[in-house]
Structures are given as C-alpha cells and as structure tokens.
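**Q** Fold the following and give me the result.
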Amino acid sequence: MNFEYNETQKMIADSIKDFAEQHIRPNIMEWDEKQHFPVDLFKKLGEMGYMGVLVPETYGGSGLGYHEYITVIEEISKVDPSIGLSVAAHNSLCTNHILTFGNEEQKKKWLPKLATAEFIGAWGLTEHNTGSDAGGMNTTAVKDGDHWIVNGAKNFITHAKSGDVAVVIVRTGEKGDSKGMTAFVFEKGMEGFTSGRKEDKLGMRASETAELIFDNCRIPDANRLGEVGEGFIQAMKVLDGGRISIGALSLGIAKGAYEAALKYSKERYQFGQPISSFQGIAFKLADMATEIEASELLLHKAAYLKNTNQKVTLAGAMGKMYSSEVCVKVSNEAVQIHGGYGYTKDFPVEKFYRDSKLCTIGEGTTEIQKLVISRNILKE
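**A** Sure thing, here's the model as predicted:
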C-alpha cells in the first residue's frame, strides 16, 4: 500500500490550486448570490483536461484513473463545491455513461467534445415523483420506425439549461420493471426537447439545476446507448462511479471547512490565548481531522477497486455515505468554531455548511447507501 500522492496527483493538485486561486476564488460569492453558472470557466477547465479526466486519450481525454479523478474533484471543492459538483456531474455521469456503454461511433461523436468542454454534459434519471424509486418513472419512449417519441420530464438535473448533450434514462417497458428502461443521448436543439424551471437552492448555487422537458421529442434510434431495456442497469453501474465523485466532493468540502476552522482557531484570541489552546476547540479539530482521514482512505479504496475493474458497489456506497455525513458534521463544527462570524458571509464556512447538505442527498441518499451496503453485506 502507498498512501502518498503519486507524481501525477501532485501535479494535478498544484495545478488546480493555482487555477482556483486565479479563476474561482475571486468570484465565489458573486456566483453564489446570483446563482450564476460560469460556462466560460468550464471551457477553461476543459482546455486543461479536467472535463475529460477518465476519458482515454484516443477520444481527446486525459486518460487518467480514479485516484487522480478524486484529486481533481477534491481540490476544486476545497475552494468552491458548486464548481466541484458540476465538474463531477459532467465527468462521472454524462461522459462516463457514454464512455462505458456507447458504441465506437457514439464515443467518437460525443466524447472528444465532452472531454474538452466544447460540450457541457447533463444526465437525467430523477423525476418529480421518482427520486429513490427510479423504476417508477413516467417519462416514456415509444418506438416509431427508426425513431422514438419521448414524453415526460426529469427534474433536479445538473446543467439542464446550459448542457449541450444529456444522457437520459426513459421508460420503454412496464413501470416498475428494471428491464423496462433505456438510455438515450439527447442533443440541444432537438425538436420537443427543452429545459424548464431552474431550482432556487440552499447551497451549490453556482451549479445549475433545472428540469428537462420532453414534448413529443423525436430521437433517432442511433442515439440509443446499449440495448433496449438496459437503461436502469447501466444507470446503477454509472452511479457506482458517481458515488466516488460525490465522496470526493464531500472530502473537498470537509477539508476546506476544516482548514478554515484550523486557521481561524489559531488567529482568534479569547482570554489572552488562541481558542485552539482550549480543549473544547482542540478536541473538535481532532475529531474533524480523524474523520477526514477515514473518508479519504475509504474513497481511495473504492478508486483502487474501480481502477482494477473489481466490484465497487459496496466500497463506493460506504465511501459516499461516510464522506457525505462527515462533510456535513465538519462544516457544522467549522461554523461553531467561528462563533458569530461563522454565521456571516465574510468567512467561507457558512457556504461550506450550506453546500455540504446536498452530498447526503444527491446520487443516492444516506438511507439508500445504507440499503445498498446492508444488502451487499447480507449476501456474503
């Protein structure tokens, strides 16, 4: 076992830190308050190779593995989790779905543009009445010659308005049938394919979240990913990797909040000494540091399994569940350590606190992760 960053990870971490200080940090609160999704920033990230981290160089990507990918998401999220979330959704959901299940023609058509962020990617599974119960979806596709007619809507979709392509899972069979769903790639401009209401969110406000709407949308069968009926199975496999993404996002938030709290505790004096010298504060910091370390180890174990093509469902669910709960706890404690100042927008911890909560909800709630974990350990 080697717990040190490899040379590539060190280069990525240094590169992202420099990029974030120059292009992200000066704009954090403006983007947050205006709920502005900075498309131009993602184009720059694409030029640096961070929008196609896992895509092989053959298709214009960086050709890196999951350890490096965790580093990318973590380092961005230490500065602005909203940006980390969007980079994660683009890479691990939309792009990775096409990479994993697309045929050669489809990969050549979409991956080079996604890997460079010429195209921004979206991914659609959730609907208004089907969150954890994806099998109950109401968005349907009916075969019509060489095309399919799609009707329905998806919600809570990252990049629903600004995305250029969206991988969407729709129902092609009976409701509730795990083999009754199919994945398609929709492109902006298709007749009957539009975006709807943008969500006004508690946190992650610079990451765009909105509806996708399908009104008699005609999509060619050539845009189908894999076989008819494989959509749900594909989605579950994609989410296995996506949970590593959300874990990395959580890890970045926790580290960002912890580092801010550690710094503040050394600078804030009460009763003639820094508050870090008080056991009540020092013990909080000790718990935070330990739980962050545990999160990191869980995630990199999942990354190792993913890189070596081993089953990652259990490790991914554990990493996502633990890291997301830790990031909420650490962010909460960071606000507490800052006292009244932690409740103001003059310090970064209030934003980490707001942003953290999504991590326990998105790409499978904590309760769903426990379901996945328990089912897997009871099978052994």
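
**Q** what's near enough to touch the residue nearest the centre of the chain?
**A** For the chain, the residue nearest the mean C-alpha position is Ala88 (3.8 Å; C-alpha atoms, centre = their mean). Ala88 makes contacts with 73, 242, 245-246, 248-249, as judged by C-beta atoms under 8 Å, 6 or more residues apart in numbering. Any C-beta I mention is one placed from the backbone N, CA and C, and that applies to glycine too.

**Q** And for Val72?
**A** Val72 neighbours (C-beta under 8 Å, 6+ apart): 12, 16, 50, 53, 87, 248.

**Q** most neighbours, which of the residues you listed?
**A** Counting neighbours by other C-beta atoms under 10 Å, Ala248 comes out on top of the contacts of Val72 with 33 neighbours.

**Q** Just the element for that residue, please.
**A** helix 231-267 (DSSP states H and E).

**Q** how about His97, secondary structure?
**A** helix (DSSP: H, G, I helix; E, B strand; the rest coil).

**Q** Any idea how many residues pack against it?
**A** 27.

**Q** gap between it and Thr139?
**A** Note on His97: its distance to Thr139, by C-beta to C-beta, to the nearest Å, is 16 Å.

**Q** list the buried ones in stretch 296-315?
**A** 296, 298-306, 312-315 (16 or more other C-beta atoms under 10 Å).

**Q** Put the alpha carbons of that stretch into PDB.
**A** Extracted C-alpha coordinates of stretch 296-315, given in PDB (Å, rounded to 0.1, in the frame of the first residue of the first chain):
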ATOM      1  CA  GLU A 296     -10.100   9.700   2.200                       C
ATOM      2  CA  LEU A 297      -9.000   6.100   2.800                       C
ATOM      3  CA  LEU A 298     -12.500   4.800   2.100                       C
ATOM      4  CA  LEU A 299     -12.700   6.700  -1.200                       C
ATOM      5  CA  HIS A 300      -9.200   5.700  -2.400                       C
ATOM      6  CA  LYS A 301     -10.000   2.100  -1.700                       C
ATOM      7  CA  ALA A 302     -13.100   2.500  -3.900                       C
ATOM      8  CA  ALA A 303     -10.900   4.200  -6.500                       C
ATOM      9  CA  TYR A 304      -8.400   1.200  -6.400                       C
ATOM     10  CA  LEU A 305     -11.300  -1.200  -7.000                       C
ATOM     11  CA  LYS A 306     -12.600   0.900  -9.800                       C
ATOM     12  CA  ASN A 307      -9.200   1.200 -11.500                       C
ATOM     13  CA  THR A 308      -8.700  -2.600 -11.300                       C
ATOM     14  CA  ASN A 309     -12.100  -3.400 -12.700                       C
ATOM     15  CA  GLN A 310     -13.300  -5.000  -9.500                       C
ATOM     16  CA  LYS A 311     -16.800  -4.800  -8.000                       C
ATOM     17  CA  VAL A 312     -17.100  -1.300  -6.400                       C
ATOM     18  CA  THR A 313     -20.800  -1.200  -5.300                       C
ATOM     19  CA  LEU A 314     -20.100  -1.800  -1.600                       C
ATOM     20  CA  ALA A 315     -17.000   0.300  -1.300                       C
END
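
**Q** and Gly52, what is it in contact with?
**A** Gly52 sits next to 46, 59-62, 91, 95, 111, 114-116 when contact means C-beta under 8 Å, 6+ apart.

**Q** ok so, going back, any chance of the contacts of Ala88 in JSON lines with distance to Ile373 and pLDDT as columns?
**A** Shown next, in JSON lines, are the contacts of Ala88 (distance: C-beta to C-beta, whole Å; pLDDT from 0 to 100):
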{"residue": "Ile73", "distance to Ile373": "22", "pLDDT": "98"}
{"residue": "Gly242", "distance to Ile373": "16", "pLDDT": "91"}
{"residue": "Ser245", "distance to Ile373": "18", "pLDDT": "96"}
{"residue": "Ile246", "distance to Ile373": "15", "pLDDT": "97"}
{"residue": "Ala248", "distance to Ile373": "19", "pLDDT": "98"}
{"residue": "Leu249", "distance to Ile373": "19", "pLDDT": "98"}
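
**Q** rewinding a little: please list the members of the contacts of Val72 that lie in helices.
**A** Secondary structure assignment by DSSP state H places 12, 16, 87, 248 of these in helices.

**Q** how much space between the third one and Met48?
**A** This points to Val87. Relative to Met48, and taking C-beta to C-beta, Val87 is found at 11 Å.

**Q** again, but for the first one
**A** Going from Ile12 to Met48 by C-beta to C-beta gives 10 Å.

**Q** And stretch 154-165, end to end?
**A** Using C-alpha to C-alpha, to the nearest Å, one end of stretch 154-165 lies 14 Å from the other.
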